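Enquirer: Pasted the sequence and its predicted model underneath.
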Amino acid sequence: MSRIDSAFFEIGSLDTLAVLDTPLHRLDPRAKVITTLVFILCVVSFEKYQLSALLPFFIFPLVLVGSGRLPGIFLLKKLLLIAPFAFFIGIFNPFFDREILFYLGSVGISGGWVSFASILLRFTLTVSATLILIATTGFSGVCIALEKIGAPRVFTIQLLFLYRYLFVLIDEAQRLVRARALRSFKGRGTGMAVFGQIVGQLLLRTIDRAQRIHLAMRCRGFTGEIRQLRKIHFGHAELLFTLGWSGLFVALRCWNLPEMLGAFLLELAR
Amino acid sequence: MHMADALLSPAVGGTLWAATATSIAYCSRKVKDDLDDSTVPLMGVLAAFIFAAQMINFTIPATGSSGHLGGGMILAILLGPYAAFLAMASVLTVQALFFADGGLLALGCNIFNLGIFPCFIAYPLIYKPLVGKNPSERRIFLGALLAAVVGLQFGAFGVVLETVASGVSALPFATFVALMLPIHLAIGVVEGLVTSAVVLFVWKARPEILCYAAKAQPLAEFSLKKVVLGFGVATLLTGGVLSWFASARPDGLEWAMMGVTGSEELEAQDQGVHGVLAHLQEKLAFLPDYRFANAPQEAAAEKRPAQAWPTVDAGSSLSGLVGGSLTLALAALIGLLIKRRNRAQTT
């Protein structure tokens, strides 16, 4: 419960990062959404035993955190909060895939451990890219980008509605939970029967609220589209950002930079 | 329950993305054409309601643990399948972006598993026929319970299929199924009970709300053919494009087998689980090149002589380690420098 509470609280703080004003934040949201997608696609397209070639990809989140003036520690904490899922599915790999891939000194490393480490690396990369996207673009920015890229308007508008009313309804749910907790002793009233009534009650209020919102919006001239004050423009900076990063990702996908660098260094040392 | 990016291959993720995008486009048109314009705010607010309802826990009898509402089925019952699908898709989008629950590439899979199955399979094929034209308390209870259970079972099976087809996790198909389905049967029963409790409350207090949903979705016009056709085209397109991308380099497993047996594919094993799986896979023929992870792997393990992994010999793995740590340090340094320069500029 407290975990969910703080997680919701942090939704807000992640989104407030998006009002910062850096060159990165000022970029057209489309550029950032597309670049993030290319990044994720390149990262997950490696074969499952790949480790070293994944490492150079850390340049993207690190540079963005730096140039977007984002709090790295905060993002890291969020990352750890959701790590268990990837961990628990990945941890099975060492048990099922016991074949020795290579030796580190005299210790044999099995394929399972390698692919487990690879899963954790992928997880870190993809999740941090997603969090950074929100922290530099904001939710409404992502919605606008989605619509400009071609997502149906009905879908993006109701995404915006969802986001707008999320906090209102969460407050309401919290009040309900608190009221129930104050009245329940020894766990009485926390069962399914009461739950059905509480949630049903919340649902009825929600539906009434939706009707009031709709009437109010009709009164103010809502015709089914949300107008934006800020003009968005896909200019040279956006083109450079998208093509530059995407080009780098594809290049890193094709050539294993760390291995080449390492081989070069070992050659020098000899 | 949520798929994660890290466990997905681009071909599987992309295919499911295409399928999901097609259904979102189709449902959006359907909602725009068929329903009045008060539906869009209702959808958005109800989707937010799902989040809020998830904050209210309840104790599960006899176990002492607590659960919360999942949501797909209740949305379908209140909004009808098309609008409910869009609302569920937006819930999952927010979860993917803010909680990184799942991930961007996995979003397609998650919307498919948790949206398509409850809205277009469990709702029209189980809930609607069971409840019928004259709903009664018992019918609504049974319908909501069964539909929630079946929807979740399909969803869990979807997770298994997608994970195994991606081949990143080494979990064998049979084990994974045996792990996922019973757990989600239990979750489904609890979810079904809760769903039916909420729906019954609404039905008793404000029956017209349920009638609205029943009226709003024209089931007779539901054209399965178009949806299937759309899926087919989208699947072919992305499957074609992305598998080219994925197989431009054969993956490590195929490479290994090529080195050992001299051919890229192993001879089919006709007996036992492998045979059944191979057969099933041939039938599905979803992504012919993506084999179920366990079959070739175990076979490869048996047949392999004690020879080093072809791609990772000791020398290249050492250079990988050296170079890897160096690039990582370099990346961190660049990030740090940019941050410092930024700070200097602002102060």
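Expert: Looks like it arrived, so ask away. Numbers count the residues shown, from 1 in each chain, chains lettered A, B, ... in the order given.

Enquirer: Was I right to think A:Glu259 contacts A:Leu51?
Expert: No. Assessed by Cβ atoms under 8 Å, A:Glu259 is found out of contact with A:Leu51, at 10.2 Å. Any C-beta I mention is one placed from the backbone N, CA and C, and that applies to glycine too.

Enquirer: between those two, which one's more packed in?
Expert: Legend: neighbour count by other Cβ atoms under 10 Å in any protein chain shown for A:Glu259 and A:Leu51, higher for A:Glu259 (21 against 18).

Enquirer: Does the strand or helix carrying the more buried one reach chain B?
Expert: According to DSSP states H and E, A:Glu259 maps onto helix A:257-269. Yes. Counting by Cβ under 8 Å from any Cβ of the partner chain, chain B has neighbours in helix A:257-269: A:257-266.

Enquirer: again with stretch A:73-82
Expert: Yes. Using Cβ under 8 Å from any Cβ, stretch A:73-82 reaches chain B at A:78-79, A:82.

Enquirer: how is chain B carved up into domains?
Expert: Structural domains annotated on chain B: B:5-239, B:249-303, as defined by automatic domain parsing.

Enquirer: rank these by mean pLDDT and give me the bottom one.
Expert: Mean pLDDT per stretch puts domain B:249-303 lowest among those, at a mean of 39.

Enquirer: Which residue ranges of the stretch 101-250 of chain A form strands?
Expert: Taking DSSP state E, counting those that start in this stretch, the strands of the stretch 101-250 of chain A run over residues A:107-110.

Enquirer: Run through it and note the low-pLDDT ranges.
Expert: Within the stretch 101-250 of chain A, the stretches with pLDDT under 70 are A:105, A:224-231.

Enquirer: can you pull out the strands in chain B?
Expert: B:58-59, B:66-67 (DSSP state E).

Enquirer: May I ask you to confirm that B:Val150 is in contact with B:Ile121?
Expert: Yes. B:Val150 lies in contact with B:Ile121 (Cβ under 8 Å); the separation is 7.4 Å.

Enquirer: So for those two, which sits in the more crowded spot?
Expert: More crowded of B:Val150 and B:Ile121, by other Cβ under 10 Å: B:Val150, with 21 against 16.

Enquirer: With adjacent residues omitted, what lies nearest to that one?
Expert: Of all residues not flanking B:Val150 in the chain, B:Ala122 sits nearest, at 4.9 Å (Cβ to Cβ, 6 or more residues apart in numbering or on different chains).

Enquirer: For B:Ala19, see how far away that neighbour is.
Expert: For B:Ala122, the distance to B:Ala19 (Cβ to Cβ, to the nearest Å) stands at 18 Å.

Enquirer: So for stretch A:115-129, what gets flagged as buried?
Expert: Residues of stretch A:115-129 classed as buried by neighbour count (16 or more other Cβ atoms under 10 Å in any protein chain shown): A:115-129.

Enquirer: so of these, which ones are in helices?
Expert: Judged by DSSP state H, the buried residues of stretch A:115-129 include A:115-129 as members of helices.

Enquirer: from those, which are also near chain B?
Expert: Among these, proximity to chain B is found for A:115, A:118-120, A:122-123, A:126-127, A:129 (Cβ under 8 Å from any Cβ).

Enquirer: Nearest to A:Thr242 among the residues you listed?
Expert: Closest approach between those and A:Thr242, by Cβ to Cβ: A:Ala129, at 14.3 Å.
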